[in-house]
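Engineer: need a structure here:
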Amino acid sequence: MWRKSYLVLSFGLAITSCRPAAQTEAPAQAEVKAAGVYQNPLKVQFGDPYVLYDAPRQMYYMYGTGGGAKEGFSTYSSRDLVNWKNEGQVFYGNTPGSWDVKNFWAPEVYRVKDKYYMFYSADWRHNPGNEEENFRIGVAVADQPTGPFKNLSDKPIFDPGYPIIDANVYFEPNGKMYLYYSRCAYEHPVESEVADWAKQQGLFKEIEESWVYGVELKPDFSGVIGEPVLLLRPPVKMNDAQAEWESRSVTSKEVNRRWTEGSYTFKHGNTYYMMYSANYFGGKNYAVGYATAQHPLGPYTKAANNPVLQKNTEQGGEVTGTGHNSIATSPDGKQLFCVYHGRTTASGDERVVFIDPMKIQPDGRLVVEGPSTTPKPLPLARK
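Structural biologist: Presented below is the predicted three-dimensional model:
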């Protein structure tokens, strides 16, 4: 029923799926492109990039936060994952009668039965408590990937009673759909050894955390089925193998929050992989890890080789703030690419898009060959 709604990879992995960057292109860039290579970062200023491959059009579409959109989202199109054309703004929020009012973040678009559905985060207009962070998740629909997208409803998908962001949807071949999201760290102080340490050091009185949840979606995207399940959270113990890299925003004295957000779920063989980002999204320590499970709703076990993507400045590189990734595949499903945002010395505070090869090793380990800024072979043959 849903098989045409997402890309099916040959080895068993199933997924659905501005201004120019503030940097000067190297003089030899034209020559290296002609030689069949490309170089990060791409000329797209997006946060939270998500890539959809649209088989009917044989075209990739990238959506993200920012990119020049005003109260909404824009998109770019490409046939080779390197050269992107700005298609303009495809969704406008904060319109009369809409549920959304501001802070439009992290769109993801899926093709389902010849329609295109955009899941996104925004501040809910309904805010009787005058909350500073009032995020919820909504769905908009269009007849084509370049929009225009219109909200399915005048309200969010559901209200769990706390602010949520970073929607990601996994489609099972049997027709079931699962929504993943991150509970915002806003007013969510959590007891942990890291929080105790920060208090003892006189850094922060408390540490707020964001956690990743999953819940089954109704077939028409009008709501959820059952109660959300907690899937991922920062470590409680400081001797946890994941604690060091997931706590850097706190231990570096940057901010009193630990994040688990920007999740992306796919299946390889019989295993479900959930990639996620940790640390402050606006800082240098933003990084990506992953966890695995035998069911879409877990339990998930974090990988021993985390993080799989992080800043490279300590190794002489120029990239920081790597995170909130999606996955792009070649049309034949044989190549995987991690698409993510980061910052460079040239881009400054602007988030720019990177794409690097990604592999699942025979032993199940997920490996991202990045972040890179040196020439690499073009992801796909030119059309």
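Engineer: and for the closest residue to Phe135 other than its chain neighbours, the neighbour number?
Structural biologist: In space, Phe135 comes closest to Pro163 once its chain neighbours are excluded; the distance is 4.1 Å by CB to CB, 6 or more residues apart in numbering. Glycine gets a C-beta too; all of them are placed from N, C-alpha and C. Number of residues near Pro163 (other CB atoms under 10 Å) recorded here: 23.
Engineer: surely Pro163 and Glu132 touch.
Structural biologist: No. The criterion here is CB atoms under 8 Å, and Pro163 misses it with Glu132 at 9.2 Å.
Engineer: just the helices in the stretch 201-350 of the chain please.
Structural biologist: Residue ranges of the helices in the stretch 201-350 of the chain, as given by DSSP state H, counting those that start in this stretch, are 243-246, 248-251.
Engineer: quick one, which of the ones you listed gets closest to Lys43.
Structural biologist: Closest to Lys43 of those is helix 248-251 (CB to CB; 29.1 Å).
Engineer: for the closest one, what does the pLDDT average out to?
Structural biologist: Summarised as a single mean, pLDDT over helix 248-251 is 98.
Engineer: swap in stretch 171-188?
Structural biologist: Per-residue scores along stretch 171-188 average to 97.
Engineer: list the helices and strands the longest helix seen in the chain packs on?
Structural biologist: The longest helix of the chain (DSSP state H) is helix 193-200. Under the contact definition 3 or more CB pairs under 8 Å, 6 or more residues apart in numbering; DSSP states H and E, helix 193-200 sits against helix 248-251.
Engineer: let's see 10 Å
Structural biologist: Judged by 3 or more CB pairs under 10 Å, 6 or more residues apart in numbering; DSSP states H and E, the packing partners of helix 193-200 are strand 208-209, helix 243-246, helix 248-251, strand 257-258.
Engineer: pLDDT on the first one, on average?
Structural biologist: Put plainly, it is strand 208-209. If you average the pLDDT over strand 208-209, you get 98.
Engineer: what residues does it touch?
Structural biologist: Strand 208-209 has contacts (CB atoms under 10 Å, 6 or more residues apart in numbering) with 183-190, 192, 194-195, 233-234, 246, 250, 255-260.
Engineer: any of those residues buried? List them.
Structural biologist: Buried members of those, counted by 16 or more other CB atoms under 10 Å: 183-185, 188, 190, 192, 194-195, 233-234, 246, 250, 255-260.
Engineer: could you pull out the buried residues of stretch 146-161?
Structural biologist: 146-147, 149, 151-152, 155-158, 160.
Engineer: out of those, who's nearest Ser347?
Structural biologist: Nearest to Ser347 among these is Thr146, at 26.2 Å by CB to CB.
Engineer: find the residue closest to the closest one in space, skipping its chain neighbours.
Structural biologist: Glu87 (4.8 Å).
Engineer: residues contacting the one you found?
Structural biologist: By CB under 10 Å, 6+ apart, Glu87 lies in contact with 61-62, 74-77, 145-147.
Engineer: of all pairs in those, which one is the farthest apart?
Structural biologist: Farthest pair in the contacts of Glu87, by CB to CB: Met62 and Gly147, 13.6 Å.
Engineer: please consider this matter closed, and thank you.
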